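Chemist: what's the 3D shape of this:
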Amino acid sequence: MSDNALARTRRLLVLIPAAWKAGERGLTLDAAARLTGTTVDQVRKDLEALDGLSLAPAFPEHELLLEIENDRIHASLTMQLVEPPGFALREGAALLAALRPFERDGGPAVRSASRKLRQAIPAYLRGSADELARATDFQVSPPGEWADALQEAIDRRVEVTMEYRATATADATRKALEPRLLFAQEGHWYLAAWNVEKQEEHLYRLDRVVSVVLGDRVFGRHQGPPAERYAKGRLYFESGTERAVKVRFRGVAAKLAAERWRAEPQPDGSVVVTAKLTPGPYLYGWVLGFGGEAEVVEPADVRDAFLAHVEELRSTYSAVPAKVGA
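Modeler: Modelled structure (predicted):
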């Protein structure tokens, strides 16, 4: 398509909805010229070049006509311009998942696109589409100015000195690392690396890296647990202290649990989920997060430990709090 034809197409794409929106009154040629940033004479030439637009070649009656009458442009459509149909669940989820990696740093344009996509999904499907999108990772290139340097260090197996913030507001600390792998998970990019000082493998979010300097020391084989664990689709890794814990869900939580996990229906309408987790704060927080509609059932000692944790919380919050600054 030539530059002239492309420019004309752009102007017509502005004119068509404007003329249709003007209704029976029509769009004045002066207004059309202002909208398209050209002259009235050019608007006339554009409309002459259009001479009717077939919206569906297999059905000749589906045609769009732009006509000039009394210096006003009128749009005639035998098949009207209407609101597009809503996205199906998979369509909406796929588009939201594709945008998700860019929502944090993509600025207003990406946020606006995400908002419009959600509006195009029928209301009763939006929750399911969001959940499906969050469970889908589209593999894109690692973001940030340090990604290339880290990948080079991984390829060459050279130690790096990295300044890193453990949280968004923390001060940066310097670490000597043997970088191992860059991977995307749950909407973020991570570096898996062996911390030379701590002699342990850790994960570092790329958006919290402050600087990277490649060193001279070349290291041998990678240290740490098997890298295959990073392909499991979650950032919870088994430590060997996990146990099979049965949790009963009731009410709304039961419906949610039945959708998300393999659940055993119970005669009273509740469901039981067996989760392999380490007894402790993570398990307690997960159960308490369901607002009283989840309870630890088995093993007995894990249930007793959970009840002791609840009593400890009750004791903490039953005391009169000291005044702030006192």
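
Chemist: for the stretch 51-200 of the chain, which segments count as helices?
Modeler: With DSSP state H, counting those that start in this stretch applied, the stretch 51-200 of the chain shows helices at 89-99, 107-119, 123-134, 147-156, listed in chain order.

Chemist: break this structure down into its structural domains.
Modeler: Here the domain parsing of the chain from automatic domain parsing is 3-77, 92-134, 147-231, 243-318.

Chemist: what about the third one, distance to the chain center?
Modeler: Read that as domain 147-231. For domain 147-231, the separation from the chain centroid amounts to 24 Å (computed by CA atoms, centre = their mean, to the nearest Å).

Chemist: hang on, the earlier thing: for residue 33, which of the helices of the stretch 51-200 of the chain is the nearest?
Modeler: Among these, helix 107-119 comes nearest to residue 33, with 28.4 Å by CB to CB. All C-beta spots, glycine's among them, are computed from the backbone N, C-alpha and C.

Chemist: how about the backbone phi and psi for the residue in the chain sticking out farthest from the centre?
Modeler: Each residue of the chain has a distance to the centre, and by CA atoms, centre = their mean the biggest one is for residue 70: 51.2 Å. Note on residue 70: its backbone torsions stand at phi 50, psi 50 [degrees, to the nearest 10].

Chemist: check the protein for its longest strand and report it.
Modeler: Looking only at the chain and at elements set by DSSP state E, the strand with the highest residue count is strand 173-185.

Chemist: how about the contacts made by residue 275?
Modeler: Taking CB atoms under 8 Å, 6 or more residues apart in numbering as the contact definition, residue 275 lies against 244, 245, 246, 247, 261, 283.

Chemist: and the third one, that's in a strand?
Modeler: This means residue 246. Yes - note on residue 246: a strand contains this position according to DSSP: H, G, I helix; E, B strand; the rest coil.

Chemist: how near is it to residue 304?
Modeler: Between residue 246 and residue 304 the distance, using CB to CB, to the nearest Å, works out to 14 Å.

Chemist: more neighbours: which of these two?
Modeler: For residue 246 and residue 304, the more surrounded residue by other CB atoms under 10 Å is residue 246, and the numbers stand at 16 against 11.
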